[in-house]
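Asker: Fold the following for me, if possible:
(one chain, ligands or ions: 1)
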Amino acid sequence: MNFKNDTKPIVCVQGMGFVGLAMATVVANTFDQNNHPLYNVVGIDLPQKESLVEKINKAQLPFITEDKSFAIELQRAVLKNKNFTASTDENLLSLADIVIVDVHLNILKIFAENNLEYNFDRRPFEQAIRTLGRLIKKDCLVIIETTVPPGFCKNVVEPILKDEFGKRKINSTPLIVHSYERVMPGKEYLSSIRKYFRTFAGIDKKSSKLGRKFLTSVIDTKQYPLKQEDYTEASELAKILENSYRATNIAFIYEWTLLAEKIGVNLFSIIEGIKYRKTHSNIMKPGFGVGGYCLTKDPLLALWSEENFYNLNYGLPFSLKALEVNHKMPLHVIDLILEKTKLEGKKVAILGISYREDVGDSRFSPAKVLFEELLKYDGLKCSVHDPYINSWSEVPDAHFIKSISELIKYDIVVLATRHNQYLNIRKRSWLSFLKDRSLIVDANNILDDIKIKYLLVNKIDVIGVGKGHIKRMKNKI
Ligand SMILES: NC(=O)c1ccc[n+]([C@@H]2O[C@H](COP(=O)([O-])OP(=O)(O)OC[C@H]3O[C@@H](n4cnc5c(N)ncnc54)[C@H](O)[C@@H]3O)[C@@H](O)[C@H]2O)c1
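Answerer: Presented below is the predicted three-dimensional model:
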């Protein structure tokens, strides 16, 4: 890397994970009117992430994604324009004009008796901020993209930076912006950053002005204007409220799923009709459960903030109930199977361990909740398949099915994630992959009614989450 004789501003992205690498790639692929890159970008991660950094520097994506433009843009920045490099050397942060913080901040939910408790580990994030305080230039803009509890920039980030500035005898106040990510790993990975609305807030006027200038240069703000809040607390709250709303919306449909199944109706069809009303267009469909790094934890960050910064005990009962319901949702698959057959001694395959379609991210995946529960049945053997994941870091011992054709050995097949690969399997192929008289559980609306009917006619039993009408289909065959 040699940015020395180059006048382009240097943007360091701290944390080369699912968000940081995507953001760094987008920033490195931001061009001026003459098609010259606007920024030099340095991605920083921890010393133990040397192999990740090496991969990035060879322009190789460390995960599989359906967004083809991601690999192309990474190659363009690393190999062609040479304005993006990754490193484990934190000292490079001292070169930054702007630092974007995409480090994780973990809060783990713990179900204790009837109470939802949490374990909040602030250390890695606070350590990252302290590193910035030790190294950055006094006029470097720090943009926090990490999802943080409301009040964190004011009560944690600013004091840490000031403390470290003080040790270096720097009198000026740190420049801080909070601007949360809405990145959607999947087919639109990069464009969900570049072509999407952004909320942001600066800790003071100067920070806000610099933040607006930077975000305007990177994001298509003509089509997707920025939403500026006056205080960082507002931007922080917005992110958590947004995710809690979605988590609650998903949980809401669960009880209706159970009812629809008992009544024997197709809830997907009902929802399609309800969605015609504009006011109801974002009603959620039944599904396998909620996973990923955000929706499973973000309401807890608000709870922590309530208790620790604002001395309140409202408790956010609605949002927390949603977390609980969503966590248990994948276990409904077991109830459905038990209505049909016992589980002891069975061979079960779970198709899709990623929490989201067309991406290889298994963090807090509902498949893990189901997998672990299934193993409690005597003699049951459970294997998993995912076109985007070769080894399951959360369940290292899990047996992987390498090819769908191996399903012929299984008694029960659970379709868990709506990966394109599964949606594209034709009805005749399904039949050829499945064991005679096996049971297929469509937990995420992967089979349409034509496929379901074909399988039923050919002696494959099918049940589905939210698909009470399958019983009626069977009666007609
Ligand atoms: N994944 C998503 O879809 C998504 C979407 C929107 C927002 N977010 C939020 O973005 C943040 C990051 O999420 P993620 O999914 O990228 O997490 P991640 O775990 O994939 O990445 C975090 C990275 O930060 C690195 N890191 C930790 N401490 C560091 C330090 N001191 N210096 C440099 N690097 C350090 C880790 O090694 C890791 O590679 C979280 O707050 C998350 O809630 C995530």
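Asker: dump the residue contacts of the nearest residue to Leu241 once chain neighbours are set aside.
Answerer: What sits nearest to Leu241 in space, not counting adjacent residues and going by C-beta to C-beta, 6 or more residues apart in numbering, is Ala302, at 7.6 Å. The way it works is simple: take the backbone N, C-alpha and C, and place the C-beta from them, glycine included. Residues in contact with Ala302, defined by C-beta atoms under 8 Å, 6 or more residues apart in numbering, are 149-150, 237, 240-241, 244, 316, 319.
Asker: min pLDDT across those residues, which one?
Answerer: Ranked by pLDDT, the contacts of Ala302 bottom out at Leu316 (91).
Asker: quick one: that one and Glu306 touch, right?
Answerer: Yes. Look at Leu316 against Glu306 with C-beta atoms under 8 Å: they come within range, at 7.1 Å.
Asker: now the strands: where do they sit in the stretch 201-350 of the chain?
Answerer: Taking DSSP state E, counting those that start in this stretch, the strands of the stretch 201-350 of the chain run over residues 226-228, 347-351.
Asker: For the stretch 201-350 of the chain, just list every one of the helices.
Answerer: 205-218, 232-263, 267-274, 298-308, 317-328, 332-338 (DSSP state H, counting those that start in this stretch).
Asker: Compile those into CSV and extend it with columns for distance to Tyr180.
Answerer: Formatted as CSV, those follow (distance: least, C-beta to C-beta, whole Å):
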stretch, distance to Tyr180
helix 205-218, 12
helix 232-263, 4
helix 267-274, 29
helix 298-308, 10
helix 317-328, 17
helix 332-338, 32
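Asker: Now render those as a markdown table, adding distance to the ligand.
Answerer: Converted to a markdown table, those look like this (distance: least, C-beta to the nearest ligand atom, whole Å):
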| stretch | distance to the ligand |
| --- | --- |
| helix 205-218 | 16 |
| helix 232-263 | 8 |
| helix 267-274 | 25 |
| helix 298-308 | 7 |
| helix 317-328 | 15 |
| helix 332-338 | 24 |
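Asker: For those, state which one has the densest average packing.
Answerer: Comparing those by mean neighbour count (mean count of other C-beta atoms under 10 Å), helix 298-308 comes out on top with a mean of 21.
Asker: Next, the angle from that one to helix 232-263.
Answerer: Relative orientation of helix 298-308 and helix 232-263, computed by axes from the mean of the first three to the mean of the last three C-alpha atoms, to 10 degrees: 130 degrees.
Asker: List the contacts of the residue positioned nearest the centre of the chain.
Answerer: For the chain, Gly292 is the residue whose C-alpha lies nearest the centre (C-alpha atoms, centre = their mean; 4.4 Å). When contacts are counted by C-beta under 8 Å, 6+ apart, Gly292 touches 355-356, 361, 363-365.
Asker: ok, the residue of the stretch 1-150 of the chain found nearest the ligand - contacts?
Answerer: Per C-beta to the nearest ligand atom, Gly17 is where the stretch 1-150 of the chain lies closest to the ligand, at 1.8 Å. Gly17 makes contacts with 102, 104, as judged by C-beta under 8 Å, 6+ apart.
Asker: Would you verify that it is located in a strand?
Answerer: No. Counting by DSSP: H, G, I helix; E, B strand; the rest coil, Gly17 is not part of a strand but coil.
Asker: Report how many residues lie close to the closest residue to Ile176 other than its chain neighbours.
Answerer: Spatially, and ignoring its direct neighbours in sequence, Ile176 is nearest to Ile203 (4.2 Å; C-beta to C-beta, 6+ apart). Per other C-beta atoms under 10 Å, the neighbour tally for Ile203 reads 23.
Asker: I figured Ile203 hits Asp230, correct?
Answerer: No. Using C-beta under 8 Å, Ile203 is not in contact with Asp230; the gap is 10.8 Å.
Asker: circling back: so can I have a markdown table of the strands of the stretch 201-350 of the chain showing mean pLDDT and distance to Arg130?
Answerer: Converted to a markdown table, the strands of the stretch 201-350 of the chain look like this (pLDDT from 0 to 100; distance: least, C-beta to C-beta, whole Å):
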| stretch | mean pLDDT | distance to Arg130 |
| --- | --- | --- |
| strand 226-228 | 98 | 28 |
| strand 347-351 | 98 | 41 |
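Asker: Among those strands, which comes closest to the ligand?
Answerer: strand 226-228 (16.2 Å).
Asker: and the closest one, which strands flank it?
Answerer: strand 198-202 (parallel) (DSSP bridges).
Asker: now the residue nearest to the centre of the chain: how far from the ligand?
Answerer: Applying C-beta to the nearest ligand atom, to the nearest Å, the value for Gly292 to the ligand is 6 Å.
Asker: can I assume Leu258 is in contact with His332?
Answerer: Yes. Using C-beta under 8 Å, Leu258 is in contact with His332, at 7.4 Å.
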